[in-house]
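Undergrad: Task: produce atomic coordinates for the following.
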Amino acid sequence: MIPFVLISVFFYVPLQCLLFLSGNVPVLLLISLIVLVLLLLVSRWMRWRYFIRYRKKQAAVYHELLHKFQQLTGKDKTIANPNETDRTIMEKIEQFMQEGKPYTDNLFTVDILAKKLNMKNHDISRVINRCTNQNFSSFVNGYRIKEAMFLLSQKNAKRFSIDKIAFDAGFGDRANFHRVFKKMVGLSPVEFREKESEN
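TA: As a prediction, the model looks like this:
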């Protein structure tokens, strides 16, 4: 918006004055309309370019954190033998988790997930166990820790307390958050935030 205002002040306003002094009203209206449309298009283009850059930067940060998380937790290790049906269901589960972020609600349970996917609780638990070698709680906590890592890596992360970040990531208990974070990441939340702020 700043470039738009500057262009308006240094270009559009003087042009309006000159045209007004010339006394040609129809030409004044036509040129004013053309210039105004051009200024609006330039402003929209600059905002769109900024938005695209911001989204790309955020995506890059998230994928880098995801890679770090997978390295730290050893998620690439060989797991049980899921069949094709298991993998299909797991894709639906992961899609739901990524798109809706239900794990940010600390009351999120396997019952809620089963109802959302029109499945039985034990089927959800079995698929998660076969495909990730984790129980439901550990699976959900993995998403919560990734969310916490993302929040802690933001430039303004120090403005928020660790308790708020834990709550925003889906943890209802501070002690549990610290324990799970330390176990999965190898650092405390404060240590991780400090490390990220140095990069």
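
Undergrad: Mind telling me what element Asn118 is part of?
TA: Here Asn118 sits in a region with no helix or strand, counting by DSSP states H and E.

Undergrad: Pull the number of nearby residues for it.
TA: 6 (other C-beta atoms under 10 Å). Every C-beta, even on glycine, is put in place using the N, C-alpha and C of the backbone.

Undergrad: distance of it from Arg49?
TA: Noted for Asn118: a distance of 42 Å to Arg49, by C-beta to C-beta, to the nearest Å.

Undergrad: Return the backbone torsion pair for Ser138.
TA: Backbone torsions of Ser138, given as degrees, to the nearest 10, read phi -70, psi -40.

Undergrad: hang on, I meant Thr109
TA: Note on Thr109: backbone dihedrals following degrees, to the nearest 10 are phi -130, psi 170.

Undergrad: Quick check, pLDDT for it.
TA: On pLDDT, Thr109 comes in at 95.

Undergrad: For it, give its distance to Leu117.
TA: 13 Å.

Undergrad: Pop the domain breakdown of the chain in here.
TA: 2-55, 78-198 (automatic domain parsing).

Undergrad: rank the ones you listed by pLDDT, which is bottom?
TA: Out of the domains of the chain, domain 2-55 stands lowest, with a mean of 64 (criterion: mean pLDDT).

Undergrad: quick one, helices of the chain?
TA: 2-7, 13-22, 25-73, 84-100, 110-116, 121-132, 136-152, 162-169, 174-185, 189-198 (DSSP state H).
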